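Undergrad: here is a sequence together with a model predicted from it:
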Amino acid sequence: MNFTPKGLLGATAAVSIGTAALLGAGAGSAAAGGGSHRAHCDRAERPVWSGDPSRNVTGRGCSVPSGGKRWYRVEVDTLVEPRHKTDYANGPVERTDTRHDTTIRCMGYTKDGDKLNWFGCMPH
């Protein structure tokens, strides 16, 4: 193979245009889909240890979102956050904060009977 500056420039331009087209198509489909799927929970609980909230949230009375995508926007009517004194799940609770009409973003969920266990939730 004989690479010339003109040939290398053409190959670089083709790769750049192809990458831009792929990125543009992905951004367009993400924008069309809203970027995340919505769900609603009547009540949810998110423990807080050492000042930082857990990335897992247990929701009750939740609508199950359609589709198997990542990143869900979960609207919660009542979010209860027990603040633990230690980093142990069974440790004593110092106080409990309650937030109303809260929206959290979570990466996914598992269904366990009448509750949804959300995981990968972003701290607020």
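TA: That came in fine, so what should we check first? All values reported here derive from a predicted model rather than from experimental measurement.

Undergrad: pLDDT weak spots in the chain?
TA: Within the chain, the stretches with pLDDT under 70 are 1-36, 67-68, 124.

Undergrad: and the helices in it?
TA: Using DSSP state H, the helices assigned to the chain run over residues 5-32.

Undergrad: tell me where the chain has strands.
TA: In the chain, the strands defined using DSSP state E lie at 37-45, 48-49, 52-53, 57-62, 72-84, 93-106, 108-112, 115-119.

Undergrad: how about the ones you listed in TSV, adding mean neighbour count?
TA: For every residue, glycine as well, the C-beta is placed using N, CA and C. Formatted as TSV, those follow (neighbours: other Cβ atoms under 10 Å):
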stretch	mean neighbour count
strand 37-45	18
strand 48-49	17
strand 52-53	14
strand 57-62	20
strand 72-84	18
strand 93-106	13
strand 108-112	13
strand 115-119	19
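
Undergrad: dump the residue contacts of the spatially closest residue to Lys115 that is not a sequence neighbour.
TA: Take Lys115 and drop its neighbours on the chain: the residue closest to it by Cβ to Cβ, 6 or more residues apart in numbering is Arg60, 5.1 Å away. Arg60 makes contact with 41-44, 114-115, according to Cβ atoms under 8 Å, 6 or more residues apart in numbering.

Undergrad: and the closest residue to Lys111 other than its chain neighbours, what does it touch?
TA: Sequence neighbours aside, Val64 is the residue nearest to Lys111 in space, at 6.9 Å (criterion: Cβ to Cβ, 6+ apart). By Cβ under 8 Å, 6+ apart, the residues touching Val64 are 39, 111, 116.

Undergrad: the last one against Gly108, yeah?
TA: Going back to what we said before, that points to Leu116. No: using Cβ atoms under 8 Å, Leu116 is not in contact with Gly108; the gap is 10.0 Å.
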